[in-house]
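Student: have a look; sequence and predicted model below, questions after that.
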Amino acid sequence: MKSYFLHFNFFLVLFLCHVHPSMAQNAYYDAIELAKYLKEDGSGFQTKDVATVEKWSSILAKYLDTNEDLTTEMVVDSYTGFGDAPYDVKNPFLEPLMPEGLLMSNAESAEAVLKVNRQKKSAFSAIGGMKVSRFADGLAQFLIERSKEEIYVSYFERLQETFKDYPEFPLLLSQSSEFLQLFESYQYAAMVPALREAVKKDMENIPNRLLSLKRLTDFDCGNDEPNCKERMAEYQRFFEQGESKLFIATTVLLNQFIEGANPAEMLEVLATHEDFTEVLENPASENFVNGIKMLHFFSDNLRQAVAGESYEEDAETIEVERLWITKADWKKLDRPTLRIFLGLMYQKSEAATIEFFVEGEAKSLQAILGGFAEDFNPIESFLTGMVDRVEILDNHLKTVREKKALSEDFSYRDYHTYYAATVNLLKHLLTIDKAVSGINVSGEVHNFVDLADIGGEVYYDLHTRNFSTAVLNLIVMLDKSMKDDFENSQFRKQFLKYGTFMAALAEAEDAVGVKTVIEATVLPVGSARIKRDTKSNVALNAYLGGFVSGEYLTELNQWNSTIGIYAPVGMSFSKGIRKRKEGLDSKKEYKSGGSWSVFLSVIDIGAVTAFRMNDDSTEALPELRLENILAPGLQIIKGCAKSPMSWGIGIQAGPMLRTIRGEEGIKPSAIFNDKLNYRIQAFLAVDIPLINFKTEPW
């Protein structure tokens, strides 16, 4: 026990030595200040008003060794050796400067009580007069900053636990998850920049991982999230339903845009994607899937020629600038040539695995094409419309290529029109209903277009690094696809909470931006968890929060209720609480239940802290002494299990410093109690250990 108090005394000596070079009275500085109140001819101190007399007499009062409450008249009498004053011997240096009878003629001035000297001497008198303004101010600012950091760390610890409880997070944000698994509270400062870079990469890749939700199973669930297995089953059910094809198509399309594929390549990837083409025996969804495969089939047969594919003599020298033939090229097909073209398509379609449900019966693409042999106007109209759309796409693609070559910025219009033109090509499936009676794909196509439009917003958000908006649009995509299964899931709430936070973290441009994001998102360094994760702990401790109390006012001999900022510093003696984890057989598996502490407060700088919370720019605070902030007390404190927050009850004396007031451009002033008051209080505060003296692990 002795060693703890040696450490504590060392701490007190350390801060007292660094607060101010002066003791309670510094004759040099006091003389400089007193000279300001001399008359112009130097014959004596000014007595023009009460305030002036109070100022110079208050300084002189500091040099009178008395426990009495002094008035201005008593101070003058002490230095002139008059009457019943504390001194009966005049001061030969200062007596000539004292006013003669002027105070007696001014009753208000003579009876002014000097509050500066009404604070009685005590056992702390040797150091109680020590100036502590700088220490109190510095400590207040430190506590404000540290309380924020303690809560930041608590937030990241909860984020770490959430990633363990929800397997969706490691799946969608894999790199961020790896960083969080390694996170320890003392690594907070170094971890945040690294996490920020990981989040950036994850956000850019998150659409590519959405389809992996299909592969999550019960085995991916941990022990602490009871709804996990139910969510895994919901994902399985969703991907077994026809509606999932629209989500898959949108996700594949979005990923292809992000990877920089051209529309023809997108059609090929979509038409051959394993998840998209998987048969679900749902007529509506199967017609949609086979409609996309049919567009890819036609697209392949309308591509612009490359070397070796054309019969023109200069084909090998053609520089391919387009993906598909133009409308002018299409118009070269007269009726006989068009018949040949359709015949070749019919023959080629024999190998294609494209089959529609037409009026309830399965019908292959070859059979459908064969139905146009007598009247190929309907299929000609369909293909003409497709050529119109691919030419528009080619024009947009040309613009994209030109801007990339010139390193020009892309506007929202550039991205949106290019994406919309691609979706418009897929939307062309709607017109197949006119060509083939009973095929009925319009409902699925309309739903796909609605979902694809949201995907387009995600595409633009990711390209412009608006990650926060991208997360919100991804949630809308999942809501629209999975409906109630996702809208009501616990993961959605966590993804909205932590996903938007991490996205904002990735958007931050520098360390200041990161701090701003964390403050805006997190606010209520992880040393606070030591108490709850160890068997016992002894520390020099601080708390920062608010209190409500019943306060005994000594001067008035009555009780009053009061509230305020609580910022004590003292010794804490703590014991951790362990609880068995539910559902586990091993006696070694525990979780934290928080902590109990006995806290012996020594000082309380709540008034200084409250001032600094509202004003962090004023440099000079009013002159304070150690006795102004002394606040001995005893508190019983309960620390929360997953947070640096603590609540407690107890009794405390003081501090005498009540509040600090200031206005812009005016030096702040301090308001003190004349006597030491006592309060019985309850408080809620952030736990801020300063120095750990002894820690005993479980």
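Tutor: In hand now; what should we look at? Residues are numbered from 1 along each chain as shown.

Student: from now on I want contacts and neighbour counts done on CA atoms only, so please keep to that.
Tutor: Will do.

Student: pLDDT of the one helix or strand E33 maps to, averaged?
Tutor: Assigned by DSSP states H and E, E33 falls within helix 27-35. When pLDDT is averaged over helix 27-35, the result is 85.

Student: now stretch 167-184
Tutor: 84.

Student: cool, stretch 606-617 as well?
Tutor: 68.

Student: just the buried positions in the helix holding E33, please.
Tutor: By 16 or more other Cα atoms under 10 Å, the buried positions in helix 27-35 come out as L34.

Student: next one: stretch 195-206
Tutor: So for stretch 195-206, counting by 16+ other Cα under 10 Å, buried means 195-196, 198-200, 202-206.

Student: show only the entries of the residues you listed found in strands.
Tutor: Using DSSP state E to define strands, no part of the buried residues of stretch 195-206 is located there.

Student: of those residues, which is the nearest to S442?
Tutor: Checking the buried residues of stretch 195-206 against S442 by Cα to Cα gives I206 as the nearest, at 29.8 Å.

Student: and that closest one, how far from N424?
Tutor: Using Cα to Cα, to the nearest Å, we find I206 at a distance of 25 Å from N424.

Student: quick check: phi and psi at S43.
Tutor: When read as degrees, to the nearest 10, the backbone of S43 gives phi -80, psi -20.

Student: just give the number of residues close to the nearest residue to it once chain neighbours are set aside.
Tutor: Closest residue to S43 apart from its sequence neighbours, by Cα to Cα, 6 or more residues apart in numbering: L97 at 6.1 Å. Neighbours of L97 under the rule other Cα atoms under 10 Å: 18.

Student: now the buried residues of stretch 195-206 in CSV, with distance to T562 and pLDDT?
Tutor: As requested, the buried residues of stretch 195-206 are exported to CSV (distance: Cα to Cα, whole Å; pLDDT from 0 to 100):
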residue, distance to T562, pLDDT
L195, 44, 80
R196, 44, 82
A198, 48, 87
V199, 46, 87
K200, 48, 88
D202, 50, 90
M203, 49, 88
E204, 53, 85
N205, 54, 88
I206, 52, 89
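
Student: give me the low-pLDDT residue ranges for the stretch 351-500 of the chain?
Tutor: Along the stretch 351-500 of the chain, segments meeting pLDDT under 70 span 410, 412.

Student: strands of that one, residue ranges please.
Tutor: For the stretch 351-500 of the chain, applying DSSP state E, counting those that start in this stretch gives strands covering 355-358, 361-364.

Student: show me what the last one is packed against.
Tutor: The elements that strand 361-364 packs onto, with contact taken as 3 or more Cα pairs under 8 Å, 6 or more residues apart in numbering; DSSP states H and E, are strand 355-358.

Student: strand partners of the strand it packs on, parallel vs antiparallel please.
Tutor: The strands that strand 355-358 pairs with in its sheet are strand 361-364 (antiparallel) (by DSSP bridges).

Student: got the buried residues for the strand it pairs with?
Tutor: So, applying 16+ other Cα under 10 Å, buried residues of strand 361-364: S364.

Student: need the contact partners of that strand.
Tutor: Residues outside strand 361-364 that contact it (Cα atoms under 8 Å, 6 or more residues apart in numbering): 353-357.

Student: for the stretch 201-350 of the chain, what are the low-confidence residue spans?
Tutor: In the predicted model, the stretch 201-350 of the chain carries pLDDT under 70 at residues 223-225, 306-320.

Student: now with 80?
Tutor: Scanning the stretch 201-350 of the chain for pLDDT under 80 picks out 222-226, 305-321.

Student: show me where it has helices.
Tutor: 228-239, 244-259, 263-272, 274-277, 283-300, 327-330, 335-348 (DSSP state H, counting those that start in this stretch).

Student: pull the distance from the second one to the chain's centre.
Tutor: Computed by Cα atoms, centre = their mean, to the nearest Å, the separation of helix 244-259 from the middle of its chain amounts to 30 Å.

Student: just the angle between that helix and helix 228-239, please?
Tutor: Orientation note: helix 244-259 sits at an angle of 90 degrees relative to helix 228-239 (axes from the mean of the first three to the mean of the last three Cα atoms, to 10 degrees).

Student: and the contacts of helix 244-259?
Tutor: Here helix 244-259 makes contact (Cα under 8 Å, 6+ apart) with 207-208, 210-211, 238-239, 262, 266, 269-270, 275-276, 285, 289, 444, 447-448, 451-452, 455-456, 458-459, 463, 477, 481.

Student: what are the buried residues along that helix?
Tutor: Buried, per 16+ other Cα under 10 Å, within helix 244-259: 244-258.

Student: how near is S646 to K591?
Tutor: Applying Cα to Cα to S646 and K591 gives a distance of 18 Å.

Student: the two - which one has more neighbours?
Tutor: Neighbour count, other Cα under 10 Å: between S646 and K591, S646 has more, with 23 against 15.

Student: partners of the nearest residue to the more buried one once chain neighbours are set aside in the sheet?
Tutor: Leaving aside its sequence neighbours, S646 sits nearest to G639 (Cα to Cα, 6+ apart; 4.3 Å). As for beta bridges, G639 partners with S595, S646 under DSSP bridges.

Student: quick check: the gap between the closest residue to T534 other than its chain neighbours and I530.
Tutor: Among residues not flanking T534 along the chain, P697 sits closest, at 4.6 Å (Cα to Cα, 6+ apart). Distance of P697 to I530, given as Cα to Cα: 9 Å.

Student: tell me which of those two has more neighbours.
Tutor: Between P697 and I530, counted using other Cα under 10 Å, the more crowded position is I530 (21 against 11).

Student: what about that one, distance to S643?
Tutor: 11 Å.

Student: quick revisit: among the strands of the stretch 351-500 of the chain, which is nearest D388?
Tutor: strand 355-358 (24.6 Å).

Student: so what touches that closest one?
Tutor: With Cα under 8 Å, 6+ apart as the test, strand 355-358 has contacts from 283, 286-287, 290, 362-365, 437-440.

Student: show the contacting residues for the residue lying closest to A682 once chain neighbours are set aside.
Tutor: In space, and not counting its chain neighbours, A682 is closest to I649: 4.3 Å by Cα to Cα, 6+ apart. Residues in contact with I649, defined by Cα under 8 Å, 6+ apart, are 635-637, 680-683.

Student: is L540 located within a strand, as I assumed?
Tutor: Yes. If the criterion is DSSP: H, G, I helix; E, B strand; the rest coil, then L540 is within a strand.

Student: most surrounded residue in the contacts of strand 361-364?
Tutor: F356 (23 neighbours).

Student: and that residue, how far from K293?
Tutor: Relative to K293, and taking Cα to Cα, F356 is found at 11 Å.

Student: what do you get for Y346?
Tutor: According to Cα to Cα, Y346 and K293 sit 15 Å apart.

Student: no more questions from me, cheers.
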